[in-house]
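> need a 3D model of the following:
(one chain, ligands or ions: 2)
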Amino acid sequence: MSDMSKKLIIFDTTLRDGEQSPGASMTREEKVRIAKSLEKMKVDIIEAGFPIASQGDFESVKAVAEAIKDSTVCGLARALDKDIDRAGEALKNANRARIHTFIATSPIHMKMKLRMEPDAVIEQAVAAVKRARKYTDDVEFSPEDAGRSDLDFLCRILEAVIDAGATTLNIPDTVGYNVPDQFGKLIHSLRENIPNSDKAIFSVHCHNDLGLAVANSLSAVMNGARQVECTINGLGERAGNASLEEVVMAVKTRQDIFKCDTSIATQFIVPTSRLVSGITGFAVQPNKAIVGANAFAHESGIHQDGVLKNRETYEIMRAEDVGWAANRMVLGKHSGRNAFKTRMKELGTTFETEEALNKAFGRFKTLADKKHEIFDNDLQSLVTEASQNMVNEFVKLRSVKVCSETGEVPNAIVTLSINGEEQVGESVGSGVVDATFKAIETVISSDSELQLYSVNAITSGTDAQGEVTVRLEKAGRIVNGQGADIDIVIASAKAYVNALNKLLTPYDKAHPQQGDV
Ligand code: KIV
Ligand code: ZN
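Ligands and ions are numbered 1, 2, ... in the order given. Sure thing, here's the model as predicted:
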């Protein structure tokens, strides 16, 4: 789209706000994989993290900045010198870098959290933007909790930061309190009342506490916002952020209303959604718009009949346009390396080295020996599993043996390798999965609590792979582990061990909205 006023900029914050969902923390390698998928999807800006939050966050932002060439890479910073310098340092090798700085502007946040007078908040915001401009010309400013801030005060601070060099003004509804009409009017009023408003792009960042994040974002677009901040699958702090796939498909499908479009290559939406859900362990609900398994499934006979006669009777979008390749039976045990590599490329995965390709192909062959028909979803789960294995593997699963018999107590024997040394654990349990987890714990004694156990069949049929997610909590830290196998006990053991490996990896992370990092 050549006319820039008609372009809606997509700013993805899956790796930053999305990662703030409890339990959704990602390793550096996982972040780079997701970032590459976002780049392939032609996301304009990728917010990669909050560099001051921890050494791990800093390194993740740096790694994403070095891996991504086409999208702008953004780092978050409070309006503090040390935050901005850290973000500048993390982004120094980026092809295109943005610093996103923020300070709270609502009366309650200024008084109770910052304990600052409004004039001092403006001064600090201006100083932060000026400092960020020393690192990059692309500086975004957010008045945190704008949705509950005073309009006149917002106008004052935003005018001042534009003069100081901010190029994007992001208006967050931090606590998801606004409703569409009100939020749209806020954007309209800001654009009307700020004298230099034409010098910056207006952006919005809506949280979903009342289930209105997408509606509020779209209302803002109708009132002149030209950037939307969103996340894959609507991941994010508490109830999440506006979901990227819903915003993108709404403006694409209803251009008659929104009069703008994005640059998003929509056919990569579903593969990216699956990647994010696999890595974070946050399953997508079946009736979720665009990316839910039922989003394009017609159950009622009347609907099916209509769609067969003319798909537009009941379909406003084409499933294939968002990447729902009909989950085809694509490969089998006689398929070669080249066929495997080609199909993986079509699904959005390229292998950086021959070694990575060979390893993935090896896993494919093992699966194909057990399962005759390999579907697209099976192939995608192989990649997810490979990424899970990239966490430091202190503990490796060697074997699982279970015994389940009517009238008998289930029993499991598990062999683990811990830093190269084999150890065996055995336990009974209320079922074979319970016994397996207890057997692992007799060896590891992690002292963690199991918060979630879920199994999802990747394809249909009794030979389908089960994809298991395990969520463990220890001393306030929450991690997710995944495992896939056609034997769900083995998938469960893999997922549990994966979660333990994450739990055993040192961690020093804080939340951006916290007063002290
Ligand atoms: O929700 C929020 O206010 C944020 C800011 C840091 C933009 O995430
Ligand atoms: Zn947020």
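> and the chain, which of its residues are near ligand 1?
Counting by C-beta under 6 Å from any ligand atom, the positions of the chain adjacent to ligand 1 are Asp17, Phe102, Ser142, Glu144, Pro172, Thr174, His205, His207, Pro512. Where you see a C-beta, it was placed from the backbone N, CA and C, and this is true even at glycine.
> can we see that at 5 Å?
Phe102, Ser142, Glu144, Pro172, Thr174, His205 (C-beta under 5 Å from any ligand atom).
> which residues touch the third one?
What it means is Glu144. Neighbouring residues of Glu144 by C-beta atoms under 8 Å, 6 or more residues apart in numbering: Phe102, Ile103, Ala104, Thr105, Ser106, His109, Pro172, Thr174, Gln513.
> and for the fifth one?
The neighbours of Thr174, taking C-beta under 8 Å, 6+ apart as the test, are Glu144, Asp145, Ala146, Gly147, Arg148, His205, His207, Gln513.
> can you flag which of those residues belong to strands?
Here DSSP state E is the test, and the contacts of Thr174 give Glu144, His205 as lying in strands.
> now tell me which helix or strand of this structure has the poorest mean pLDDT.
None of the helices or strands of the chain scores lower by mean pLDDT, DSSP states H and E than strand 329-331, at a mean of 68.
> and the following helix or strand past that strand, what does it pack onto?
For strand 329-331, the succeeding helix or strand toward the C-terminus, using DSSP states H and E, is helix 337-346. Identification of packing neighbours for helix 337-346 by 3 or more C-beta pairs under 8 Å, 6 or more residues apart in numbering; DSSP states H and E yields strand 329-331, helix 354-370, helix 376-388.
> pick the most deeply packed of these.
Greatest average neighbour count among the helices and strands packed on helix 337-346 goes to helix 376-388 (a mean of 22), per mean count of other C-beta atoms under 10 Å.
> name the surrounding residues that touch whichever helix or strand comes after it.
Once helix 376-388 ends, the next helix or strand along the chain (criterion: DSSP H and E) is strand 395-403. Here strand 395-403 makes contact (C-beta under 8 Å, 6+ apart) with 410-418, 422, 432, 435-436, 444, 489-490, 493-494, 497, 500-501, 504.
> cool, stretch 258-273 as well?
The contact list for stretch 258-273 (C-beta under 8 Å, 6+ apart) reads 1, 5-10, 34, 37-38, 40-44, 218, 221-222, 226, 232-233, 244-245, 248-252, 255, 284, 290-291, 320-324, 347-348, 380.
> let's see 6 Å
With contact meaning C-beta atoms under 6 Å, 6 or more residues apart in numbering, stretch 258-273 is reached by 1, 6, 8, 10, 37, 40-42, 221, 232-233, 245, 248, 251, 291, 321-324, 347-348.
> show me which of those are buried.
8, 10, 37, 40-41, 221, 232-233, 245, 248, 251, 291, 322-324, 347-348 (16 or more other C-beta atoms under 10 Å).
> cross those against strands and list the overlap.
Of these, the ones assigned to strands by DSSP E are Ile10.
> pretty sure Phe394 is touching Thr505, no?
No: the pair Phe394 / Thr505 is not scored as a contact, 8.2 Å apart, by C-beta atoms under 6 Å.
> and whatever helix or strand Asn456 lives in, which strands flank it?
Element membership of Asn456, judged by DSSP H and E, is strand 449-457. Next to strand 449-457 in the sheet, as set by DSSP bridges, lie strand 466-474 (antiparallel).
> check which helices and strands the very next helix or strand once past the partner strand sits against.
Downstream of strand 466-474, the first helix or strand assigned by DSSP H and E is strand 477-485. Other elements packing on strand 477-485 under the criterion 3 or more C-beta pairs under 6 Å, 6 or more residues apart in numbering; DSSP states H and E are helix 376-388, strand 466-474, helix 488-503.
> need those in JSON lines with mean pLDDT and distance to Gly49, can you?
As requested, the helices and strands packed on strand 477-485 are exported to JSON lines (pLDDT from 0 to 100; distance: least, C-beta to C-beta, whole Å):
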{"stretch": "helix 376-388", "mean pLDDT": "73", "distance to Gly49": "17"}
{"stretch": "strand 466-474", "mean pLDDT": "88", "distance to Gly49": "22"}
{"stretch": "helix 488-503", "mean pLDDT": "94", "distance to Gly49": "17"}
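> those: which one's closest to Pro22?
Of all those, strand 466-474 sits nearest to Pro22, with 9.2 Å by C-beta to C-beta.
> tilt between the closest one and strand 477-485?
Going by axes from the mean of the first three to the mean of the last three C-alpha atoms, to 10 degrees, strand 466-474 is angled at 160 degrees with respect to strand 477-485.
> run the chain-centre distance for strand 466-474.
Distance of strand 466-474 from the chain centroid (C-alpha atoms, centre = their mean, to the nearest Å) equals 17 Å.
> would you mark the buried spots in it?
Residues Gly466, Glu467, Val468, Thr469, Val470, Arg471, Leu472, Glu473 are the ones in strand 466-474 that count as buried (16+ other C-beta under 10 Å).
> cool, thanks, signing off.
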